[in-house]
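> Generate coordinates for the sequence data below:
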Amino acid sequence: MTLLLKGKKLREFVFRSKGICVKAKDFFGVIQRIYTIFANSTKRWKILKENVPELTLKPLSSTRWESRVESVRAIRFQIEEVREALLQVGETDNDSKIRSEAKSLAKNELGDFEFLVALVIWYEILYRVNYVSKNLQSHNMVLDVAIEDIKKLVLFFEEYREFGFPDAISVAKNIAIELSVDPVFPKRREIRRKKHFDENQSSSSDVVHQTTEESFRVNYFLFIVDQAIGSLNKRFEQYQEFQNTFGFLFTSTHLQSLDNETLHSNCINLQKALTSGKQFDIDGNDLYMELKLLKDMLPDQDMRAIDILSFLKRKCYFQNSFIAYRILLTIPVTVASAERSFSKLKLLKSYLRSTMLQERLNGLALIAIEKDLLKKIDYENLIDIFASRKARRRIIFK
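Numbering: from 1, shown residues only. Take a look at the predicted model:
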């Protein structure tokens with residue numbers, strides 16, 4: 001039983017909507033175009049640095065998902081400075097195509113109230129998702145805390161769906177006033193379809209015409225948030241499965257609050273989950289008896305699973321409980337640490353080390369992966385051991 005959930009999966013669901021919602025795709029296209037204009041020329045980058053001294057523009061990356069929130073943040077809080085830099089490029093650059101594109105971005109995109117509202121919405125969403133994702137990738141993250149973080153994230157999206165749009169409109173209006181932009185949604189051209197002589201006139205009269213603001217709320221804001229809620233609930237169903245199986249072992253407080261019937265039922269369910277064919281890791285009835293005794297022996301304080309396991313190490317007669325807690329604590333919350341290990345390969349196995357053998361590569365990879373453990377090793381002791389085993393006779397010349 002493993003949890004193969006990549007750290008970037010939490011952020012990935014947000015960007016899947018780009019393939020369906022054209023406006024969301026266009027939004028990130030504008031973000032990338034702004035960065036590209038300045039990044040492709042040292043002179044234009046100098047203009048950017050003169051106008052934007054704090055947060056630097058970031059490109060979108062297909063592998064580094066945190067770049068999304070970083071790229072949006074730089075424009076969200078410095079949009080006036082970025083717009084001024086684009087206008088300056090539009091006046092001074094030697095390339096007519098770049099001048100035209102810079103002016104278009106400054107006046108049409110950054111001067112569009114709809115884009116300002118989208119900027120506020122995406123920053124709120126990306127910041128919250130990135131915050132939870134970073135927590136899930138921490139080395140000391142445990143399963144019960146991860147489940148609570150995911151529940152809070154889903155709750156945030158549900159509340160944001162109800163109250164987030166008016167707040168985003170209010171913030172975007174303040175930004176529009178600073179930019180001297182009319183804080184109204186641009187009115188789109190209505191497409192009138194020619195009616196045929198045999199067409200039912202009542203059907204066309206029943207069509208409800210939405211305002212541009214309501215259309216943006218339904219087709220953009222609600223679409224993105226609903227995609228987020230649905231994807232979160234779907235992707236993290238396995239978390240709920242683990243909670244149903246191991247939830248009674250998460251904390252000592254929860255364990256001590258269970259009655260005997262509920263505790264016995266949970267132990268039997270855990271035995272079934274850890275059974276393969278005729279072999280099983282624990283005996284449910286024995287685990288039940290051990291946990292009944294353990295409930296009375298644990299101190300009167302809230303202990304997490306790792307603390308309970310440390311307590312069980314000092315006891316030799318809780319064999320099933322010891323196995324159950326070891327299995328619980330070896331279930332990975334994410335595989336971010338494994339991904340980091342593979343990322344080290346491109347640093348170790350470069351084109352300059354083309355003749356490296358597998359043994360040396362394994363050794364370097366192990367040193368890079370276990371660098372925290374390596375810092376605690378006493379090198380002097382290792383050198384003495386190595387010298388004693390590899391000592392050679394020296395020929396002394398008289």
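> most centrally placed residue in this structure?
Nearest to the geometric centre of the chain sits Ser133, at 3.2 Å (C-alpha atoms, centre = their mean).
> how close does Gln238 sit to Ile147?
10 Å (C-beta to C-beta, to the nearest Å). Any C-beta I mention is one placed from the backbone N, CA and C, and that applies to glycine too.
> more crowded one of these two?
Remark: of Gln238 and Ile147, Ile147 carries more neighbours, 18 against 13, as counted by other C-beta atoms under 10 Å.
> what separates that one from Tyr239, distance-wise?
Noted for Ile147: a distance of 5 Å to Tyr239, by C-beta to C-beta.
> For Thr251, give me phi and psi.
Phi and psi for Thr251, reported as degrees, to the nearest 10, are phi -130, psi 160.
> cool, and Thr275?
Taking degrees, to the nearest 10, you get phi -110, psi 130 for the backbone angles of Thr275.
> I'd like to know how many residues surround the residue nearest to it when sequence neighbours are not counted.
Using C-beta to C-beta, 6 or more residues apart in numbering and skipping the chain neighbours, the partner closest in space to Thr275 is Asp281 (7.8 Å). The number of residues packed near Asp281 is 15, by other C-beta under 10 Å.
> correct me, but Asp281 touches Tyr325?
No. Asp281 is beyond contact range of Tyr325, at 11.9 Å (criterion: C-beta atoms under 8 Å).
> any idea how far stretch 54-74 is from the chain center?
14 Å (C-alpha atoms, centre = their mean, to the nearest Å).
> Between the two ends of that stretch, what distance do you get?
Chord length of stretch 54-74, first to last residue, is 9 Å (C-alpha to C-alpha, to the nearest Å).
> Which positions in it come out as buried?
Leu55, Leu57, Lys58, Leu60, Trp65, Arg68, Val69, Glu70, Ser71, Val72, Arg73, Ala74 (16 or more other C-beta atoms under 10 Å).
> Where is pLDDT lowest across the residues you listed?
pLDDT is lowest at Trp65 among the buried residues of stretch 54-74; the value there is 68.
> got a pLDDT number for Glu50?
91.
> Just confirm it is within a strand.
No. Secondary structure of Glu50 (DSSP: H, G, I helix; E, B strand; the rest coil): helix, not part of a strand.
> For the one helix or strand Arg360 maps to, which helices and strands make contact with it?
Using DSSP states H and E, Arg360 sits within helix 358-369. Counting contacts by 3 or more C-beta pairs under 8 Å, 6 or more residues apart in numbering; DSSP states H and E, helix 358-369 packs against helix 336-343, helix 345-348.
> outside of that helix, which residues touch it?
Arg340, Ser341, Lys344, Leu345, Leu347, Leu348, Lys349, Leu374 (C-beta atoms under 8 Å, 6 or more residues apart in numbering).
> one more time with 7 Å
Ser341, Lys344, Leu345, Leu348, Lys349, Leu374 (C-beta atoms under 7 Å, 6 or more residues apart in numbering).
> so where is the stretch 51-200 of the chain shaky, pLDDT-wise?
The model of the stretch 51-200 of the chain has pLDDT under 70 over residues 63, 65, 188-200.
> For the closest residue to Phe246 other than its chain neighbours, which residues are in contact?
Using C-beta to C-beta, 6+ apart and skipping residues adjacent in sequence, the residue nearest Phe246 is Leu328, 4.9 Å away. Counting by C-beta under 7 Å, 6+ apart, Leu328 touches Phe246, Leu249, Ala305.
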